[in-house]
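Undergrad: Quick one: sequence and predicted model below, then my questions.
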Amino acid sequence: MCGIVGYVGPNSSVAVLLGGLSRLQYRGYDSAGLAVLGSDGVLETRKHAGKLKILIDDVDASPLVDGQTGIGHTRWATHGGPTDGNAHPHLGDDGKLALIHNGIIENFAPLKQELLDVGETFTSETDSEVAAVLVGRAFRETGDLTLAMRQVVARLEGAFTLLVVHQDRPGEVVGARHISPLVIGLGDGENFLGSDVAAFVEHTRRAVEIGDDQIVTIRPDSVEVTDFAGAPVDTREYEVAWDASASEKGGWSSFMRKEISEEPDAVYNTLLGRVLDGAVAFPDLGGLDDSVLKSIDRIVIIACGTAAYAGMLGKYAIEAWARVPVEVALSHEFRYSDPILNERTLVISVSQSGETMDTLMAVKFAKEGGARGLSICNTMGSSIPRESDAVIYTHAGPEVAVASTKAFVAQITALYLFGLHLAAVRGSLSAAEVSENLTELQAIPAKLAEVLVASAGIGELAGWMADTRSVLFLGRHVGFPVALEGALKLKELAYIHAEGFAAGELKHGPIALIEPGQIVFVIVPSPRDPSSLHPKVVSNIQEIRARGARVIAIAEKGDAAVLPFADEVIPIPLAAPLFEPLLSVVPLHIFALELATAKGLDVDQPRNLAKSVTVE
Ligand code: F6R
């Protein structure tokens, strides 16, 4: 987690760094800090526990020395609580060097002991300060910041991105990455470093990926990248597909509200250019050509949280269309379950950020085990696609709110596109069937826009539930992942106990939770569904209604069977069964947002969380 930004150039580094940090806050917001090298040659730092606003107000009230070199950090605490002292930057070389860190240095304890034994002192409980002191000592011996960094990273274990500045090296920022992310932004007479492109997209859209185990030194007019041994490496420049305005609130009260309103566009843009003459047209699936796809005999989808629920929906669709067995595994469980992998196994990773450490490590593990890898990802230049044989980017645009919404519907869309492509390649669906399903998918953006309009009353519904302590969510088949997603959103945003259940499981235990007044959301399948799911779910509603539950049904428009038994019905447009989740999830996103808002909570930055989980 943690957001990192570095700058060298002619402009005010304080302004550039604070601007970058405000876009990176979603990565962590326990504390924030800056180090700037003034034109007087003195290094000054400022840092505070709490949200970035506290730091900004402090800098406004009492300006920092301004210069053209600096680094900034927004923190998600791992080692040591969110205090002023533990906030970054940390200092080395008698306060002449400042360092910021994202990740975890696993061997920090023996390193710290070694430094204590030689008389170094520490002011924080962090693992990061150990790196600051080490780089400071190495610089004192070498007088070369890049070389000092190289010597220190060779001693560190764990996952880290480090940036350092030293007051004897004005106009220079040195960075290193091992597993955790780092990207370069190329400017004109200025250069940037960031945990992701959001750190500098306001200034430049030209970005360069830094590979794993590489060190970068930026100066206003040069960028040098080497491996950890000091050998120069080739880099690849790319253009960031979105501009700064895409990651701004644009008049919305929160990023989350804005991003929910963008759910139709997220699906539309993910389909854009990928459907041609009724067939899926992926311009390039890298190492996953048709002969490889025909040889696959098993698929494992790995992901965490909301992305894993998208994966569950992918399973239903891929199995139905391509007739290949699909498992869904949480990335952090997958790695340790001794999975059976070979070149006929396709591991599909799903990740908005492309940096989730659990998923990244699982992807690497699958690769080492000989499996093929496909990444479904929303962030260009991120680590997970780089470790995969092929990538399908979701084009949801930057997602800033911590809770994933528009990326979720984009992930489902990408998985469905892949499922139809696989079915076409393997001949399990006819061209006409593929085309029919693509038409369903292409109709989703307009239907999503209808759902947004039909959901206008959810704010009022949430308003009278503001004091509720528990909400349950029920669904069957593709409604089950939707129920899980509804519950997750409510937990993380409104801090309410919420559980999602497969409705059929109710009578095997959870029905004991139902007491008078218990709020239960039920995702009702279409009455047109040829399976017998609709009457079964209506029976489930009657069972809980009989025990006093207050039922809110999300049901197809015109579903008369559900009306007598539900206290509220939120209607969704007609869609084929597999496509219903893309519609039924939106009212649940809105409900969580509205309930958290009614409770006066910060929906963009819920407590204890960070957007990009870059620690295991
Ligand atoms: C929940 C949420 C998380 C993420 C999960 C995976 O609203 O946002 O559960 O879905 O942390 O993140 P990515 O997709 O970046 O790998």
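TA: Nice, thanks for sending it over. Numbers count the residues shown, from 1 in each chain.
Undergrad: C-alpha only now, for contacts and for neighbours.
TA: OK.
Undergrad: Now do the domain split for the protein, please.
TA: 3-246, 249-442, 453-598 (automatic domain parsing).
Undergrad: Quick one: name the residues of the chain near the ligand.
TA: Contact residues, the chain versus the ligand (Cα under 6 Å from any ligand atom): 304-307, 351-354, 356, 402-404, 489, 612.
Undergrad: Can you report how many residues lie near S375?
TA: If you count neighbours by other Cα atoms under 10 Å, S375 ends up with 24.
Undergrad: distance of it from T413?
TA: 14 Å (Cα to Cα, to the nearest Å).
Undergrad: still on that earlier bit, would TSV of the domains of the chain with mean pLDDT be doable?
TA: Listed next are these as TSV, based on pLDDT from 0 to 100:
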stretch	mean pLDDT
domain 3-246	93
domain 249-442	95
domain 453-598	94
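Undergrad: and those as JSON lines, adding distance to P606?
TA: Shown next, in JSON lines, are those (distance: least, Cα to Cα, whole Å):
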{"stretch": "domain 3-246", "distance to P606": "10"}
{"stretch": "domain 249-442", "distance to P606": "7"}
{"stretch": "domain 453-598", "distance to P606": "6"}
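Undergrad: Indicate which one of those is closest to E616.
TA: domain 249-442 (5.4 Å; Cα to Cα).
Undergrad: so where do the strands sit in the stretch 501-616 of the chain?
TA: 519-523, 550-556, 568-572 (DSSP state E, counting those that start in this stretch).
Undergrad: Skip the chain neighbours and tell me the closest residue to the spatially most central residue of the chain.
TA: In the chain, the centroid-proximal residue (Cα atoms, centre = their mean) is S353; its distance is 3.7 Å. Distance criterion Cα to Cα, 6 or more residues apart in numbering; nearest residue to S353, sequence neighbours excluded, is T379 at 5.5 Å.
Undergrad: Tell me the residue of the stretch 501-616 of the chain that sits nearest the ligand?
TA: Closest contact between the stretch 501-616 of the chain and the ligand, by Cα to the nearest ligand atom, is at S612 (5.6 Å).
Undergrad: same check, this time on the stretch 401-550 of the chain
TA: Counting by Cα to the nearest ligand atom, the stretch 401-550 of the chain gets nearest the ligand through A403, at 3.4 Å.
Undergrad: which residues sit in contact with T204?
TA: Residues near T204 by Cα atoms under 8 Å, 6 or more residues apart in numbering: 185-187.
Undergrad: again, only this time at 10 Å
TA: Residues counted as contacts of T204 (Cα atoms under 10 Å, 6 or more residues apart in numbering) are 185-188, 190-192, 197, 239-240, 243-244.
Undergrad: And F408, by the same measure?
TA: By Cα under 10 Å, 6+ apart, the neighbours of F408 are 263, 266-267, 306-311, 350-352, 394, 396, 414, 485, 582, 585.
Undergrad: 6 Å instead?
TA: By Cα atoms under 6 Å, 6 or more residues apart in numbering, the contact set of F408 is empty.
Undergrad: hmm, back to that, including mean neighbour count and distance to G85, could the strands of the stretch 501-616 of the chain go into CSV?
TA: Output for these, formatted as CSV (neighbours: other Cα atoms under 10 Å; distance: least, Cα to Cα, whole Å):
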stretch, mean neighbour count, distance to G85
strand 519-523, 26, 44
strand 550-556, 23, 48
strand 568-572, 20, 49
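Undergrad: could those go into TSV alongside distance to K96?
TA: Shown next, in TSV, are these (distance: least, Cα to Cα, whole Å):
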stretch	distance to K96
strand 519-523	58
strand 550-556	60
strand 568-572	61
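Undergrad: quick revisit: looks like the residue of the stretch 501-616 of the chain closest to the ligand contacts R27 (just checking).
TA: Yes. S612 lies in contact with R27 (Cα atoms under 6 Å); the separation is 5.3 Å.
Undergrad: Compare those two (neighbour count), which wins?
TA: It is R27, of S612 and R27, that has more neighbours when counted by other Cα under 10 Å, with 27 against 21.
Undergrad: residues contacting the more buried one?
TA: Counted by Cα under 6 Å, 6+ apart, R27 has contacts 1-3, 610-612.
Undergrad: Which of these are buried, as a ChimeraX select command?
TA: Here is the ChimeraX command that picks out the buried ones among the contacts of R27, judged by 16 or more other Cα atoms under 10 Å:
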select :1,2,3,610,611,612
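Undergrad: any idea which of the contacts of R27 is least confident?
TA: Here the lowest pLDDT out of the contacts of R27 sits on M1, with 67.
Undergrad: how about the helices in the stretch 251-400 of the chain?
TA: 255-261, 263-271, 290-295, 305-322, 331-334, 357-368, 383-386 (DSSP state H, counting those that start in this stretch).
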